[in-house]
Each structure stands twice: as structure tokens, then as C-alpha cells.
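K.L.:
return a 3D structure for these sequence lines:
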Amino acid sequence: MAIFNKLDRLASKQCDRMYSVSAVIDGVVSTPNGRSQPDPDRREIHIRGIFDEAPAYAAVEQGKRDRSGNDLATLIHGADFVFSVDVLRYPAAASVKQNDHVGRCPPL
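P.N.:
Down below sits the predicted model:
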């Protein structure tokens, strides 16, 4: 498996070199029914990662909703956003939690 690990590292480095963008992650604290607030215990993290935007389609039924055989569907067009970070290169990215704010920053 060592050869595949080496090839994976080579491909990852090249992808990061070509497509990565700089970002700042601000930690936030939120309650189930409250607003998000900056987390005073965590500082901002400067990282580089690959930002990807892909189309997302959600099927929504048309007609009666009683499941009587009408399964026509309209497609709702949206977008699915993914930000991938190499945790081995940026170990601070492992501390990111759900609802943290991701923002772009000038190049590192």
C-alpha cells in the first residue's frame, strides 16, 4: 500500500497547489433557539482548502399529497457547497464544529 499512499500524496499536493483558496474559520457558539455568537474560547483559524460548488436537485411532489399514485416531481435547483481541507497539513482544522463561519481571506 505504500506506493498508493505516495501517489495519493503527490495527487493531493498538486490539487492543493492548483485549486486551493485561503479561508478564515471563526468559531461560534449557538443554542438551539438562540443566535450564533463568537466563541471567546476559540480563535480564528487561517487555512487553505478546495472550495467546490455543485448543483443540487431536490425532488418535490406535484399534485395531491395522499400518495394515491401521482408521483410526478418538479426539480428544485439549488447548490451544494463543500470546503475540503487537508487535516494533516492544517491540524487546527480538526477542531472545526458545525455552524462555524467560513470566510475568504487574502492569500496566505
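K.L.:
am I right that R35 is in a helix?
P.N.:
No - per DSSP: H, G, I helix; E, B strand; the rest coil, R35 lies outside any helix segment and is coil.
K.L.:
next SSE after the helix or strand of the chain with the lowest mean pLDDT?
P.N.:
Within the chain, confidence by mean pLDDT, DSSP states H and E is lowest for strand 73-84 among all helices and strands, at a mean of 77. Using DSSP states H and E, the helix or strand that follows strand 73-84 towards the C-terminus is strand 101-104.
K.L.:
which residues touch P38?
P.N.:
Applying CB atoms under 8 Å, 6 or more residues apart in numbering to P38 gives the contacts 26-29. Where C-beta positions appear, they are placed from N, C-alpha and C, glycine not excepted.
K.L.:
give me the buried entries from those residues.
P.N.:
Restricting the contacts of P38 to buried positions leaves 27-29, with burial counted as 16 or more other CB atoms under 10 Å.
K.L.:
got the phi/psi numbers for V96?
P.N.:
In this entry, V96 is assigned phi and psi values of phi -70, psi 140 (degrees, to the nearest 10).
K.L.:
what helix or strand does the nearest residue to it once chain neighbours are set aside sit in?
P.N.:
Spatially, and ignoring its direct neighbours in sequence, V96 is nearest to I25 (5.6 Å; CB to CB, 6 or more residues apart in numbering). When secondary structure is defined using DSSP H and E, the element that contains I25 is strand 21-26.
K.L.:
what helices or strands is that strand leaning on?
P.N.:
Where contact means 3 or more CB pairs under 8 Å, 6 or more residues apart in numbering; DSSP states H and E, strand 21-26 is packed against strand 45-61, strand 101-104.
K.L.:
is H101 in contact with V28, as I believe?
P.N.:
Yes - contact status for H101 versus V28: in contact at 6.0 Å, counting by CB atoms under 8 Å.
K.L.:
how about the contacts made by the residue nearest to F81 when sequence neighbours are not counted?
P.N.:
On the basis of CB to CB, 6+ apart, the spatially nearest residue to F81 that is not a chain neighbour turns out to be E53, at 5.5 Å. With contacts defined as CB under 8 Å, 6+ apart, the neighbours of E53 are 79-82.
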